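**Student:** test case, fold it:
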Amino acid sequence: MAVQVVKKDGKTEPFQRQKIVNACTAVGAPADVAASIADEIEKSARDQMPTSEIRTMVLDRLGKIKQDWANNWTQYDQTKGEKK
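**Tutor:** Coordinates of the predicted model:
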């Protein structure tokens, strides 16, 4: 059975590795680095894991490799919040 993650609104959905890859490449990480991060997260994902925890794990890994990528993600989150 697929691992289910819990979104911010409380809904659950299957873990989607590709979402991590897409997010990492969008903030500047090369595809191979993004895939590696997604692989790490996928291995440690557990059923009913909150997406906020997954986000924290991804940001941590991005920041350890290149802080600019984590900063880009944070800046994107801030602008996204302003548009609501």
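**Student:** avg pLDDT for the longest helix along the chain?
**Tutor:** Scanning the chain for the longest helix, with DSSP state H as the assignment, gives helix 67-83. In this model, helix 67-83 has an average pLDDT of 84.
**Student:** show residues contacting that helix.
**Tutor:** Ala23, Cys24, Ala26, Val27, Gly28, Ala29, Val58, Leu59, Asp60, Leu62, Gly63 (C-beta atoms under 8 Å, 6 or more residues apart in numbering). For glycine as for every other residue, the C-beta is placed from the backbone atoms N, C-alpha and C.
**Student:** just the ones of those residues in strands?
**Tutor:** Judged by DSSP state E, the subset of these located in strands is empty.
**Student:** now, the most widely separated pair of those residues?
**Tutor:** Using C-beta to C-beta, the contacts of helix 67-83 reach their maximum pairwise distance at Ala26 and Asp60, which is 17.3 Å.
**Student:** so how far is Ala38 from the closest residue in space to Trp69 that isn't next to it in sequence?
**Tutor:** Among residues not flanking Trp69 along the chain, Leu62 sits closest, at 4.3 Å (C-beta to C-beta, 6 or more residues apart in numbering). Counting by C-beta to C-beta, to the nearest Å, the separation of Leu62 from Ala38 is 11 Å.
**Student:** just Lys66 next, same as before
**Tutor:** Distance of Lys66 to Ala38, given as C-beta to C-beta: 16 Å.
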